[in-house]
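1. Have a look; sequence and predicted model below, questions after that.
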Amino acid sequence: MPVRFSVGGRAFAGSGFLFDKDGTLLSFDHWLAVMGERARQLAVELGLAEPERAALLQFMGLDPARPGAANGGIISLPRCDAEEAVAMYLASRGKGDLAAMRALAARVFREVDEEFPFDRHLCPTTGAEERLRAIRRAGGKTAIVTHDTASAARRHLAALGWEDLVLAVVGLDVCEKRKPDPASVLMACDALGVPPEETVMVGDTSGDLLAGRAAGCQLTIGVLTGLGGEEELAPIADVVVPDLTALRII
Ligand SMILES: [Mg+2]
């Protein structure tokens, strides 16, 4: 049974609800702490002296002088791009050859994935949990389509107690084609058993929305809780909303 919902002053019905993860269901804030821990472990492994450690932190998107503050950097890159950027950065500074630095970055990123206390740092965007619950209660099917790995995304869901709120996860380890390519969106539709024309794609970047369009989703919703601003999302979204509370199940 399709779920009836309203958004942007219009009423719709849909069976599948696909969400990007970072910036859409979760705020970006936890990435500061995750990146900080990745940098700390890399500095320990490589025995970096203070100026080098500070430079690495800076490169990875944190302000070494102000703990908890962001400076941009590579923090918003898809995880595998961030890993590669760190490996290239360390190799370019003579810490080892590129192959060794790739192996080190891969290991440290994986270890932080496994050990980081996500339950203390993850922060859902406004309305995210409540709306996922409402969709599930109404019989809708939900999935995450992310450029993080599906395994990391599942850890995040477990840390939040959201395992039952999201039925399928497609990450870059499951589908290597990136949004705006529609492949990951189509794979999520398949996993939910819902045709694209009965699904809604929700995301904070143009890539999310273009992927939804290319897949043939019935509706694309841009949310302003992440990276994309209104001027970026409005031309390619059917609706742009400040946050997920604007998506109302009726
Ligand atoms: Mg995002």
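-> Here it is on my side, so go on.

2. what residues does this structure put near the ion?
-> Applying C-beta under 5 Å from the ion, we find that the chain lies next to the ion at 20, 22, 23, 204, 226. The way it works is simple: take the backbone N, C-alpha and C, and place the C-beta from them, glycine included.

3. How many residues are close by the closest residue to the fourth one other than its chain neighbours?
-> Residue nearest to residue 204 in three dimensions, not counting chain neighbours: residue 226, with 2.7 Å by C-beta to C-beta, 6 or more residues apart in numbering. Neighbourhood size, residue 226 [other C-beta atoms under 10 Å]: 23.

4. Would you double-check that residue 226 falls in a strand?
-> No: read with DSSP: H, G, I helix; E, B strand; the rest coil, residue 226 is coil and lies in no strand.

5. and it, backbone torsions?
-> Residue 226 adopts backbone torsions of phi -130, psi -130, taken as degrees, to the nearest 10.

6. which non-adjacent residue is nearest the residue in the chain that the ion sits nearest to?
-> Nearest to the ion, among the residues of the chain, is residue 23, at 3.5 Å (C-beta to the ion). Computed as C-beta to C-beta, 6+ apart, the closest residue to residue 23 that is not its neighbour in sequence is residue 226, at 1.9 Å.

7. hmm, back to that, report pLDDT for the residue nearest to residue 204.
-> Confidence at residue 226, expressed as pLDDT, is 93.

8. Next: residue 18.
-> Per-residue pLDDT puts residue 18 at 98.

9. Please apply the same query to residue 33.
-> pLDDT, residue 33: 89.

10. now stretch 146-164: how far from the chain's centre is it?
-> Put simply, stretch 146-164 sits 10 Å off its chain's centre (C-alpha atoms, centre = their mean, to the nearest Å).

11. same deal with stretch 62-69?
-> Averaging C-alpha positions (C-alpha atoms, centre = their mean) puts stretch 62-69 22 Å from its chain's average.

12. Once you drop chain neighbours, what's closest to residue 34?
-> Distance criterion C-beta to C-beta, 6+ apart; nearest residue to residue 34, sequence neighbours excluded, is residue 116 at 5.8 Å.

13. hmm, I was thinking of residue 8
-> Nearest to residue 8 is residue 239, by C-beta to C-beta, 6+ apart, at 3.7 Å.

14. List the buried residues in the helix or strand encompassing residue 58.
-> Using DSSP states H and E, the element containing residue 58 is helix 50-59. Neighbour-count burial for helix 50-59, counted by 16 or more other C-beta atoms under 10 Å, picks out 53, 54, 56, 57, 58, 59.

15. Need the max-distance pair from these.
-> With distances taken as C-beta to C-beta, the most widely separated pair in the buried residues of helix 50-59 is 53 and 59, at 10.8 Å.

16. need the strands for the chain, in chain order.
-> For the chain, the strands defined by DSSP state E cover 3-7, 10-14, 16-19, 141-145, 168-170, 199-203, 219-223, 239-241, 248-249.

17. pretty sure the residue nearest to residue 34 contacts residue 36?
-> No: Residue 116 is beyond contact range of residue 36, at 10.1 Å (criterion: C-beta atoms under 8 Å).

18. wait, what's in contact with residue 208?
-> If you count contacts by C-beta atoms under 8 Å, 6 or more residues apart in numbering, residue 208 has them with 20, 24, 145, 179, 201, 202, 220, 222.

19. which of the residues you listed sit farthest apart?
-> Longest span within these, C-beta to C-beta: 145 and 222, 14.6 Å.

20. Who has more neighbours out of those two?
-> In this view residue 145 and residue 222 are compared by other C-beta under 10 Å, and residue 145 has more residues nearby, 32 against 28.

21. For the more buried one, which residues are in contact?
-> With C-beta under 8 Å, 6+ apart, residue 145 has these contacts: 18, 19, 20, 170, 179, 184, 185, 188, 201, 208, 211.

22. Surely the fifth one is in contact with residue 211?
-> Yes: counting by C-beta under 8 Å, a contact exists between residue 179 and residue 211, whose distance comes to 3.8 Å.
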